[in-house]
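**Student:** prediction below, plus the sequence it came from.
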Amino acid sequence: MNKKLGPGTTAIHGGYGPYDHALPTEPVVEAIHQSTTFAFETVEDHQNAIFNNLVYPLYTRAASGNPTLRLLESRLAALYGAEAVLATSSGMAAINLTLMHLLKPGDHVIMGRCYRLTHNIAQLILGDKMGVEYTLLNSDDINDFPKFINERTRVLMLDVPNNPLITVIDLEQAVNIAHAHGITVILDDTCASPINMQAFDMGVDIIACSLTKYLCGHGNAVGGAIISNAKLIKAIRSGLYPRIGCAISPFNAWLVMQGLKTLHLRMLRHNQSAQALAEFLEGHPKVARVFYPGLPSHPQHELARRMMSGFGGMMSFVVKGGDKAATAMTNALKVCKIGTSFGQAETMIETGWMSHYEWSMEDRISFGLYPGFVRVSTGLEDADDLIADFDQALTQIEVDVNERLPEPASESRLEWKPTITTKE
Ligand SMILES: Cc1ncc(COP(=O)(O)O)c(C=O)c1O
């Protein structure tokens, strides 16, 4: 069979395990190798493995990892069409490890609009602890980026579609600009998933993402992955990874593999339900604005159509009446769950006040998190039930339907540095 296997087949069967084909039968569902340590027959076998660079299971945290982890990694590599993958204990570990590997004191990194804790990495770790210069750009227009590049710029970090604004930046153009300056592009594609966006086809160098969300899909395992070429993954695997100690647990790796088997089906449902809910919310008089790439009103709708094969399950919207009304509406929901994280069976809702509590209101508004902002991760429930839930919750709030969105507090700041008011 020469035909390239589709993403559904690959997510179920892709990759290889070191113990495969050892017996005439094998388990259909992957084994969990929970052992932390793997014993050798002799001391010489151990030394042979070390000095001849043989890949045997050695210690779960270490470079020659556990067979369950190795199977997850090779399956993800097949799914992404990449040479190699390093699975990590969380998405944050994957992003952190990648940035720390690529950057040293004196280097410069540019970040577009990213997940709040990725901005935190720039400010609190790269900047405050490693002496790396950083520029955070509050823009979705890639043409705004070149003037911030200098001779020390090594990395461009992007989150597409970003959490929580769900805006999109032109990845192909970003890669062209970055590569012309010898800059490495790291992408966080957590909100999209490889089913909805094939970022390596657009030339990104590294994907550093969370497995906790869509790839696992059931909200029951935290994990992350770095996906790239074999040379880079090997360097991180034998460098910072065992020293920082951020291996994913075998049980979580196994849970992610079970989730992967339905990823292609789940993403279709997330895409369909989110589109239906976004269309409903956009037509609602108590909603000021909806951000969903599948809506023609989205500022990068045409770009998203080119870059994505599905628009995803994530959306945000602004309730008229500000944070008070958004809070009342959120509290009135019956089916949706109030809480952080996303990409699972349950529809999850989080207000801007919840997710960005550590930023001042001025910073929130200039980032686009207007009072009344909520982010929704559309789950796998029946779309009609979700729409009915938002309908009844919106009915319960009293707002001035003629209210308009506030203007950003100061003139729009392209380069910015949000004030972190608490580090809890
Ligand atoms: C876009 C994005 N990337 C990465 C992460 C971090 O993922 P994890 O929770 O697995 O550390 C998150 C978490 O919400 C996220 O939203």
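**Tutor:** Nice, thanks for sending it over. Numbering: from 1, shown residues only.
**Student:** ok, now which ones touch the residue of the chain found nearest the ligand?
**Tutor:** Going by C-beta to the nearest ligand atom, the ligand is nearest to residue 91 of the chain, at 2.5 Å. Backbone N, C-alpha and C define where each C-beta goes, glycine included. Going by C-beta atoms under 8 Å, 6 or more residues apart in numbering, residue 91 touches 188, 190, 208-213, 223-224.
**Student:** select from these every entry located in helices.
**Tutor:** Nothing among the contacts of residue 91 maps onto helices, per DSSP state H.
**Student:** sorry, back to before: confidence score at the residue of the chain closest to the ligand?
**Tutor:** Note on residue 91: pLDDT of 98.
**Student:** my read: residue 394 touches residue 287, true?
**Tutor:** Yes: assessed by C-beta atoms under 8 Å, residue 394 is found in contact with residue 287 at 7.4 Å.
**Student:** now the common contact residues for those two.
**Tutor:** Contacts common to residue 394 and residue 287, judged by C-beta under 8 Å, 6+ apart, are residue 319.
**Student:** returning to what we had before: restrict the contacts of residue 91 to those near the ligand?
**Tutor:** Near the ligand, judged by C-beta under 6 Å from any ligand atom, the entries from the contacts of residue 91 are 188, 190, 210, 212, 224.
**Student:** check contacts around the nearest residue to residue 58 once chain neighbours are set aside.
**Tutor:** Counting by C-beta to C-beta, 6 or more residues apart in numbering, residue 64 is the residue found nearest to residue 58 once chain neighbours are left out, at 4.1 Å. Residue 64 makes contacts with 49, 54-58, as judged by C-beta under 8 Å, 6+ apart.
**Student:** with residue 108 instead?
**Tutor:** Contact partners of residue 108, counting by C-beta under 8 Å, 6+ apart, are 132-135, 150, 152-154.
**Student:** mark which of those are buried, thanks.
**Tutor:** Among these, those scoring as buried are 132-135, 153-154 (criterion: 16 or more other C-beta atoms under 10 Å).
**Student:** quick check: the farthest pair among those?
**Tutor:** 135 and 154 (12.1 Å; C-beta to C-beta).
**Student:** what do the two both touch?
**Tutor:** With C-beta under 8 Å, 6+ apart, residue 135 and residue 154 have common neighbours 108-109.
**Student:** quick revisit: and the two most separated of the contacts of residue 91?
**Tutor:** Within the contacts of residue 91, two members stand farthest from each other by C-beta to C-beta: 188 and 223, at 14.2 Å.
**Student:** sorry, back to before: could you dump the contacts of residue 108 into JSON lines with secondary structure, distance to the ligand and pLDDT added?
**Tutor:** Listed next are these as JSON lines, based on DSSP: H, G, I helix; E, B strand; the rest coil; distance: C-beta to the nearest ligand atom, whole Å; pLDDT from 0 to 100:
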{"residue": "132", "secondary structure": "coil", "distance to the ligand": "19", "pLDDT": "98"}
{"residue": "133", "secondary structure": "strand", "distance to the ligand": "23", "pLDDT": "98"}
{"residue": "134", "secondary structure": "strand", "distance to the ligand": "17", "pLDDT": "98"}
{"residue": "135", "secondary structure": "strand", "distance to the ligand": "19", "pLDDT": "98"}
{"residue": "150", "secondary structure": "coil", "distance to the ligand": "27", "pLDDT": "98"}
{"residue": "152", "secondary structure": "coil", "distance to the ligand": "26", "pLDDT": "98"}
{"residue": "153", "secondary structure": "strand", "distance to the ligand": "22", "pLDDT": "98"}
{"residue": "154", "secondary structure": "strand", "distance to the ligand": "21", "pLDDT": "98"}
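**Student:** could I get those as TSV with distance to residue 7?
**Tutor:** TSV is the format used below for the contacts of residue 108 (distance: C-beta to C-beta, whole Å):
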residue	distance to residue 7
132	36
133	39
134	35
135	35
150	39
152	39
153	34
154	32
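**Student:** tell me which element residue 220 falls in.
**Tutor:** If you go by DSSP states H and E, residue 220 is not part of any helix or strand.
**Student:** which residues touch it?
**Tutor:** residue 255 are the contacts of residue 220 under C-beta under 8 Å, 6+ apart.
**Student:** look up phi and psi at it.
**Tutor:** With angles defined as degrees, to the nearest 10, residue 220 sits at phi -120, psi 10.
**Student:** cool, and residue 51?
**Tutor:** Backbone geometry at residue 51, expressed as degrees, to the nearest 10, gives phi -80, psi -20.
**Student:** show the pLDDT at it.
**Tutor:** pLDDT, residue 51: 91.
**Student:** neighbours around it, how many?
**Tutor:** By the criterion of other C-beta atoms under 10 Å, residue 51 has 8 neighbours.
**Student:** how close does it get to residue 44?
**Tutor:** 10 Å (C-beta to C-beta, to the nearest Å).
**Student:** can you name the residues of the chain that neighbour the ligand?
**Tutor:** Contacts of the chain with the ligand, taken as C-beta under 6 Å from any ligand atom, map to 90-92, 115, 159, 163, 188, 190-191, 210, 212, 222, 224, 341.
**Student:** taking those residues, please make a PyMOL selection of just the buried ones.
**Tutor:** In PyMOL syntax, the buried subset of those is picked out as below (16+ other C-beta under 10 Å):
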select buried, resi 90+91+92+115+159+163+188+190+191+210+212+222+224
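**Student:** any buried residues in stretch 166-182, and which?
**Tutor:** Using 16+ other C-beta under 10 Å as the test for burial, stretch 166-182 gives 166-172, 174-175, 177-178.
**Student:** sorry, that was for stretch 231-243
**Tutor:** 232-233, 236-237, 240-242.
**Student:** and residue 143, how far from residue 23?
**Tutor:** 58 Å.
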